[in-house]
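Chemist: Need coordinates for the below:
(4 chains)
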There are 2 protein chains.
Amino acid sequence: MSTRKTRQREAILRVLKRTTTHPTADWLYIEVRKEIPNISKGTVYRNLNFLHKTGEISELNPDGRVTRYDGRQDNHCHFSCEKCGQVFDVDEPVSPELGQRVAQEAGFQVNRHVLEFFGLCRDCQKGGE
Amino acid sequence: MSTRKTRQREAILRVLKRTTTHPTADWLYIEVRKEIPNISKGTVYRNLNFLHKTGEISELNPDGRVTRYDGRQDNHCHFSCEKCGQVFDVDEPVSPELGQRVAQEAGFQVNRHVLEFFGLCRDCQKGGE
DNA sequence: TTAGGTGCAAAACCTTTGCCATCCC
DNA sequence: GGGATGGCAAAGGTTTTGCACCTAA
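Modeler: Numbering: from 1, shown residues only, chains lettered A, B, ... in the order given. Reported below is the predicted structural model:
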């Protein structure tokens, strides 16, 4: 089970790394297709799952419908607009000791924790409602 | 658009309020069916969405697949077991001022924020990997 | 009476998977 | 060469929706 280098996998990772929009698999599919026109959705999903397992990217599920992906791997969190669905980076670091406290108190083995903000982005505040 | 009181809606809310397991729509469907055998899944989903909109319950999406529901409305957060998928309450309150800071820094209108922990629950720690 | 709610089933949606051809090492 | 990977399409699972009937107020 070595890890092979394929055009498809490299293209997917490259496109994801160069965007900050936390795209969906579908958006990545459309984008990568500009470069590899006959790539299939199955391949996109398989590679995203692979890259997630190997820890090169991370998954987000702000709205509970579509999975979004993030190429950043440093300590940061996200803001999701409840109107337009866009996801933005927030440079509020997540303090690691929080997990330890919860682990001790409840007996869980805490591997990670996630902090997410929800509300209206700048554009959607203008639009009213 | 008044709000009608129906057996179905009341039963769903009652079942959800009396559990602490953050159930899925399907689990609630099975449970409520013990009381109202011919209730339909569509009704369960419609009412859960309704109750969520009116703020009586909240939605959780720990794993990004199935939506879970929570009848508790006070300030608390959750721990999700990455192995068995169960969701537990954590009595770590979420500090409200965090949202304000992010709002000021980034220009977002922050309505709420969520803190979630992930790892292994007690039972799944025993089972090994 | 009547607008909102329900049951049923089909549709919509996102994601995974089986199968065979293809490609990388 | 041989196993990992890709393309294609079908299947899978969750959630939504259209429609005719029902029911609470």
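Chemist: Okay, now the unreliable bits of chain A?
Modeler: Low-confidence segments of chain A (pLDDT under 70): A:1-2, A:127-129.
Chemist: Show me what from it comes close to DNA strand C.
Modeler: When proximity is defined as Cβ under 7 Å from any atom of the strand, chain A approaches DNA strand C at A:2, A:4-7, A:24-26, A:41-42, A:45-46, A:49, A:65-67. For every residue, glycine as well, the C-beta is placed using N, CA and C.
Chemist: Out of those residues, which sit inside helices?
Modeler: Among those, the ones falling in helices (DSSP state H) are A:R7, A:A25, A:D26, A:K41, A:G42, A:Y45, A:R46, A:N49.
Chemist: Can you check those residues and name whichever has the most neighbours?
Modeler: For these, neighbours were counted using other Cβ atoms under 10 Å in any protein chain shown, and A:A25 has the most, 18 neighbours in all.
Chemist: and that residue, what is it in contact with?
Modeler: Taking Cβ atoms under 8 Å, 6 or more residues apart in numbering or on different chains as the contact definition, A:A25 lies against A:K41, A:V44, A:Y45, A:L48, A:V66, A:T67, A:Y69.
Chemist: Please report how far A:D70 lies from A:S58.
Modeler: Counting by Cβ to Cβ, to the nearest Å, the gap from A:D70 to A:S58 is 5 Å.
Chemist: Could you identify the most distant pair in the ones in helices among the residues of chain A next to DNA strand C?
Modeler: Maximum pairwise distance among these (Cβ to Cβ): 20.0 Å, between A:R7 and A:D26.
Chemist: Among the ones in helices among the residues of chain A next to DNA strand C, which one lies nearest to B:T54?
Modeler: Nearest to B:T54 among these is A:D26, at 31.5 Å by Cβ to Cβ.
Chemist: any idea how far the closest one is from B:L115?
Modeler: Taken as Cβ to Cβ, the spacing of A:D26 relative to B:L115 amounts to 29 Å.
Chemist: From the contacts of A:A25, keep the buried residues only.
Modeler: Members of the contacts of A:A25 that pass the buried threshold by neighbour count (16 or more other Cβ atoms under 10 Å in any protein chain shown) are listed as A:V44, A:L48, A:T67, A:Y69.
Chemist: Would you mind measuring from A:N61 to B:D63?
Modeler: When Cβ to Cβ is applied, the distance between A:N61 and B:D63 equals 7 Å.
Chemist: ok, A:Q100 touching A:Q109?
Modeler: No. In terms of Cβ atoms under 8 Å, A:Q100 does not count as a neighbour of A:Q109; the distance is 10.8 Å.
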